[in-house]
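> Structure here, sequence nowhere to be found:
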């Protein structure tokens, strides 16, 4: 193959790669912006604020959780990173105190078993109180676990948005590099010796 043909093929492939990478960068940037704006909009609509460091709810947290929460004290939750901290260092701590560290499934099973017993002995006052207590714990754990799950999705969506943004920068850089190389190849094509062989 002569040098001129090789330069033409290599430069054309480089130009195609440049277009593909720049197009991919644009799509990745759009996806990253979409993900991050959705997280911000959805969390912002909930109007959740981190407790201030002077609030009782903050002071009741263990020291390690206070340290994490202090980063956002008094701020409105609008990012995936904030959602992750609020979920794992505020809601989780409070949920652990609801039923001695038991999770929703455990309390729900106890509630259903106690409710079945109550049907057999409906006048048992102690059992009625136990069912009422377990019912309240069950509801609190369900709501808290659901909220933690939703905040976890916000965190994951925010991380994916950030990854897409970083990938878009890499794609743009690669696209620009291939474009420059393709242009250099086309410039060399005009000067290449038609008789030289590769």
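Great, that's in hand. Keep in mind it's a predicted model, so treat the numbers as computed, not measured.

> shouldn't residue 68 be in contact with residue 85?
Yes. At 5.2 Å, residue 68 and residue 85 qualify as touching, with contact defined as C-beta atoms under 8 Å. The C-beta positions use only the backbone N, C-alpha and C, and glycine is treated the same way.

> more neighbours, those two?
residue 85 (21 against 15; other C-beta atoms under 10 Å).

> Please report the distance of that one from residue 20.
Going from residue 85 to residue 20 by C-beta to C-beta, to the nearest Å gives 38 Å.

> Next: residue 120.
70 Å.

> Can you pick out the residue with more neighbours from those two?
Taking residue 120 and residue 20 together and counting by other C-beta under 10 Å, residue 20 has the greater number of neighbours (14 against 8).

> Setting aside sequence neighbours, what's the nearest residue to the most centrally placed residue in the chain?
By C-alpha atoms, centre = their mean, the mean C-alpha position of the chain lies nearest to residue 156, the distance being 1.9 Å. Spatial nearest neighbour of residue 156, chain neighbours left out: residue 80 (7.3 Å); criterion: C-beta to C-beta, 6 or more residues apart in numbering.

> any low-confidence regions in this structure?
1-2, 192-198 (pLDDT under 70).

> what about the longest helix in it?
Longest helix in the chain by number of residues, with DSSP state H as the criterion: helix 125-191.

> what distance separates that helix from the centre of its chain?
3 Å (C-alpha atoms, centre = their mean, to the nearest Å).

> which other helices and strands contact it?
helix 3-46, helix 80-86, helix 92-96, helix 104-120 (3 or more C-beta pairs under 8 Å, 6 or more residues apart in numbering; DSSP states H and E).

> Deepest in the core, which of these is it.
helix 80-86 (a mean of 22; mean count of other C-beta atoms under 10 Å).

> next one: stretch 91-99 to chain centre, how far?
23 Å.

> got the contact list for it?
The contact list for stretch 91-99 (C-beta atoms under 8 Å, 6 or more residues apart in numbering) reads 61-62, 65, 106-107, 137, 140-141, 144-145, 147-148, 151.

> Which one of the residues you listed is nearest to residue 13?
residue 151 (46.1 Å; C-beta to C-beta).

> Now do the contacts for the closest one.
With C-beta under 8 Å, 6+ apart, residue 151 has these contacts: 83-84, 86-87, 91.

> pretty sure residue 29 contacts residue 162?
No. Taking contacts as C-beta under 8 Å, residue 29 lies outside contact range of residue 162: 11.8 Å.

> Tally up the residues packed near the nearest residue to residue 68 once chain neighbours are set aside, please.
Closest residue to residue 68 apart from its sequence neighbours, by C-beta to C-beta, 6+ apart: residue 89 at 4.3 Å. Residue 89 is flanked by 21 other residues according to other C-beta under 10 Å.
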